[in-house]
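**Q** Give the three-dimensional model of this entry:
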Amino acid sequence: MESSELIKKLKPYNNNTLDKEPFESYKLRVAHLLPNFPVEVLEQWIYRHYSDINDYSFLGLENMAFTEIIMKKDDIYNNIKSYDDKIIDSLGYQIYERSNKTWLQKKMISQFTWPVPIIVYKNYDNPDMGKPYHLIEGHLRLNYFRAMYRREKNILLDNHRVWEFELFD
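**A** Here you go, the predicted structure:
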């Protein structure tokens, strides 16, 4: 199936409305189109951020092989990059400065990790993308993580769950 056709089929019904298709229905309808995608990745990236998946469609969604890895906090801080450092370092301050904390801020402060793994691309070849890992999904979580790391690295867990993918032919 051509990539543009696949992306159209992946669109949640009533996307960007209050009546967006529930994930359980979505999963039943589209999971077979991306058999290499773990359910958690399908939900966090494709379903929740459908409007942005074209940003990475050039990689070929159908060619992605995912592995859940455990990554050390120092490796996360030093090795996960993006197109621009501002993307992963612009909003982290909010985790400390915001008086009425969001659910995500509360979770990360109390659990010393993110509630759902971020998604990274193990980048060998693409010179325009971050190396050795390019952040695909989880920008706000990584922003908060990086702020916590800089301010109180010792409270963060030593290891964190991350979804990593590589491309296959």
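
**Q** correct me, but N15 touches H49?
**A** No - under the criterion of CB atoms under 8 Å, N15 makes no contact with H49, lying 10.4 Å away. (Glycine included, C-beta is placed from N, CA and C.)

**Q** Could you chop this structure up by domain?
**A** 3-62, 65-167 (automatic domain parsing).

**Q** can you give me the mean pLDDT across the first one?
**A** Predicted confidence along domain 3-62 averages 95 (mean pLDDT).

**Q** roughly how far out does that domain sit from the chain middle?
**A** Taking CA atoms, centre = their mean, to the nearest Å, the mean C-alpha location of domain 3-62 is offset from the chain mean by 13 Å.

**Q** Okay, now it: how far is its last residue from its first?
**A** 8 Å (CA to CA, to the nearest Å).

**Q** how many neighbours does N123 have?
**A** The tally of other residues near N123 (other CB atoms under 10 Å) stands at 18.

**Q** I meant H139, not that one.
**A** H139: 16 neighbours (other CB under 10 Å).

**Q** Next, work out how far apart it and D19 are.
**A** 26 Å (CB to CB, to the nearest Å).

**Q** same deal with E40?
**A** 24 Å.

**Q** phi, psi of the residue positioned nearest the centre of the chain?
**A** For the chain, the residue sitting closest to the mean C-alpha position, by CA atoms, centre = their mean, is E137 at 2.0 Å. Backbone geometry at E137, expressed as degrees, to the nearest 10, gives phi -140, psi 140.

**Q** Verify the stated contact: it with Y50.
**A** No - counting by CB under 8 Å, Y50 is not a contact partner of E137; they are 11.6 Å apart.

**Q** circling back: and the domains of the chain, which is most packed in?
**A** Sort those by mean neighbour count, taking mean count of other CB atoms under 10 Å, and domain 65-167 sits at the top with a mean of 16.

**Q** roughly how far out does it sit from the chain middle?
**A** Using CA atoms, centre = their mean, the offset of domain 65-167 from its chain centre is 9 Å.

**Q** which residues touch the lengthiest helix in the chain?
**A** Ranked by number of residues, the top helix in the chain under DSSP state H is helix 139-152. Defining contact as CB atoms under 8 Å, 6 or more residues apart in numbering, one finds that helix 139-152 is touched by 73, 76-77, 80, 82, 87-96, 104-105, 108-109, 112, 114, 116, 118, 135, 155-156, 160.

**Q** Please apply the same query to stretch 85-97.
**A** With CB under 8 Å, 6+ apart, stretch 85-97 has contacts from 80-82, 101, 105, 108-109, 135, 139-140, 142-148, 150-151.

**Q** What distance do you get for the residue sitting furthest away from the middle of the chain to K106?
**A** Centroid-distance maximum for the chain: S99 at 25.8 Å, with CA atoms, centre = their mean. Distance, S99 to K106, by CB to CB: 12 Å.
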